[in-house]
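# Return a 3D structure for these sequence lines:
(chains A and B)
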Amino acid sequence: MLRVYNTLTGNKDLFEPMVPGKVRMYVCGVTVYDYCHIGHARSALVFDVLRRYLEYSGLAVEFAKNFTDVDDKIIKRANEQGVSCERITTTYIQAYYDDMDKLGVRRATLEPRATAHIADIIALVEILVAKGMAYRVEGDVYFQVDRYPVYGRLSKRKMDDLQAGARVDVDERKRHPMDFALWKGSKPGEPSWDSPWGPGRPGWHIECSAMAMRHLGETFDIHGGGMDLIFPHHENEIAQSCGATGKEFARYWVHNGFVQINQEKMSKSLGNFFTIREIFDKSEWPDAVTGEMLRYFLLSTHYRSPLDFSDQSLAEAKNALNGFYDLFDRLKETAPDRGSADLPLRETMGRARQAFVDAMDDDLNTPSAVAALQKLRGDTNKALDAGLSGDTRRLVREEFRRVGAVLGLLQSDDWQFKSQPKRTASGTSAGEKAGLSDEEIGAKIAARLAAKQSKNYKLADQLRAELASQGVTIEDRPDGTSRWKR
RNA sequence: GGCGCCGUACCCAAGUGGCUAAGGGAGCAGUCUGCAAAACUGCGAUGCGGCGGUUCGAACCCGCCCGGCGCCUCCA
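Numbering: from 1, shown residues only, chains lettered A, B, ... in the order given. Alright, predicted model coming up:
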């Protein structure tokens, strides 16, 4: 049984969906005004894996992830570039999909956009106004936090503490410094919709409440996002949603930790961020390989811990993955009908799967889950040395594929070993590697084999060196033939 | 000022009261190999930031200290 850390309770709670067999989850997506960075990748990946694991556990998952497509930053960006807001949001939604596809992040089952839910938003604000929990100031509508007595229960903050930290430029028209905008009257030139309070646009927090309720119901199971959303975003969502319905909003609140650069938070304001596409562009490996490297890297730390990004950590992920794909190559070799390690390995597979499930059940402990796969890799290599039948080889490869699918790893049939490295802009090491075709490599290997058979090791080594200079590595089999990889 | 997090070997990273402190990467040595590569075997923290305390027993609980970080403002 899965236990997840619930920010609301501060505990690892046993996860039990409201409706047996069915999970409804909502994750705060991105504001589409710029390219996504690795932090967005981490968040998307964490919830992608949560979703995959819930499905693996036999649950049907209804997964909503929104696009915030009306917002101050979008308006600002549109004005800077002299284009419409639609132009900006369309561009970056597409960029988001491109990036997420490369990372292997599956699409959510629902991807609502704020601008498509204005009526829901207005209806929700009207309820809050009618209940006396919101008030109008000119064209704006504010949520009145002191009308929601348990405000602060998610972030464990007291109203008094919050006052002390309130910003200098508090809007004097607000009744309480922490009151927040539900509806903003729009200035000329800004996107606007008609409302009972005049032309305007939604505040940031209200859209998530309205869309989550529209698609998942007033109460649903899981609500997720980055740690930084706990306050004020999710706190405000709770206040306005629970305020409006009188019911609990989300039951489990799940938050992922940050990606850091040199122990520091990565963020736009600090300017120390890497975009996802920048990482792919810089990589010397094909996109599929780079994507898996990134996934492995991002999952090798527990989702709530800070994670330091560096070229070295990516390279380590690559090396770790090479080990799996080396094994898969070995498993593809022709094999006898029976092997002495067949039965023991099948038992080992069962234990490995249990270890994997136990790790994932413990608040999505992906590092421990990956360790279980690594353990199985070692055991399988040993079994291979001892003797493994073709059937068992296929079986264990399928096991890696099935369990790896939960993490979105180990699915490839031609790792970088057999695909052409792409040329980098600089045309250096990786560019040179791209030289030889499979046929040319095959010819050189055949020539080397002939040289070996005639004990002309000098020529054989020369041919191997030529291949090596093109980035091709040879592995000789016991029977004298060779396999190769780039 | 308020709330909270982190500090485990060269690097990454699990473990949070009780057998020999997972796993990976890198390194070194060995087996195999014509030599390599891959694989396998072995080595690698008497120790878990420091000092005290609780306990039969602590990396795990408590206190203090040192170091680093986050939120309180848009932010995954």
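# The stretch 251-400 of chain A: helices as residue ranges?
A:276-282, A:287-299, A:311-332, A:342-361, A:366-386, A:390-407 (DSSP state H, counting those that start in this stretch).
# Remind me what the fourth one packs against, helices and strands.
Looking back up the chat, that one is helix A:342-361. Judged by 3 or more C-beta pairs under 8 Å, 6 or more residues apart in numbering; DSSP states H and E, helix A:342-361 is in contact with helix A:366-386, helix A:390-407. Where you see a C-beta, it was placed from the backbone N, CA and C, and this is true even at glycine.
# circling back to that earlier point, dump the helices of the stretch 251-400 of chain A into CSV; add mean neighbour count as well.
Formatted as CSV, the helices of the stretch 251-400 of chain A follow (neighbours: other C-beta atoms under 10 Å):
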stretch, mean neighbour count
helix A:276-282, 17
helix A:287-299, 23
helix A:311-332, 16
helix A:342-361, 17
helix A:366-386, 18
helix A:390-407, 18
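# okay if I get those helices as a markdown table plus mean pLDDT?
Output for these, formatted as a markdown table (pLDDT from 0 to 100):
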| stretch | mean pLDDT |
| --- | --- |
| helix A:276-282 | 94 |
| helix A:287-299 | 95 |
| helix A:311-332 | 93 |
| helix A:342-361 | 95 |
| helix A:366-386 | 95 |
| helix A:390-407 | 97 |
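# and residue A:268, which of the ones you listed is closest to it?
Distance to residue A:268, taken as C-beta to C-beta, is lowest for helix A:276-282 among the helices of the stretch 251-400 of chain A, at 13.6 Å.
# counting contacts, what elements does that closest one pack onto?
On a contact count with 3+ C-beta pairs under 8 Å, 6+ apart, helix A:276-282 meets helix A:38-56, helix A:85-103, helix A:287-299.
# Could I get those helices in JSON lines, plus columns for distance to RNA strand B?
Shown next, in JSON lines, are those (distance: least, C-beta to the nearest atom of the strand, whole Å):
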{"stretch": "helix A:38-56", "distance to RNA strand B": "2"}
{"stretch": "helix A:85-103", "distance to RNA strand B": "11"}
{"stretch": "helix A:287-299", "distance to RNA strand B": "8"}
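# With distance to residue A:179 as new columns, can these be given to me in TSV?
TSV is the format used below for the helices and strands packed on helix A:276-282 (distance: least, C-beta to C-beta, whole Å):
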stretch	distance to residue A:179
helix A:38-56	28
helix A:85-103	26
helix A:287-299	37
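# who does the residue in chain A positioned nearest to RNA strand B bridge with?
Closest to RNA strand B within chain A is residue A:226: 1.8 Å, counting by C-beta to the nearest atom of the strand. Beta bridges link residue A:226 to residue A:256, judged by DSSP bridges.
# Name the spans of chain A whose pLDDT lies under the cut-off.
Residue ranges of chain A with pLDDT under 70: A:162-170, A:418-435.
# Domains in chain A, by residue range?
By the assignment in automatic domain parsing, chain A contains the domains A:3-256, A:264-411, A:429-485.
# Which among these is found nearest to residue A:417?
Comparing those by their distance to residue A:417 (C-beta to C-beta), the top pick is domain A:429-485, with 3.4 Å.
# ok, and does the closest one reach over to RNA strand B?
Yes: using C-beta under 7 Å from any atom of the strand, domain A:429-485 reaches RNA strand B at A:452, A:457, A:460, A:461, A:464, A:473, A:474, A:475, A:476, A:478, A:482.
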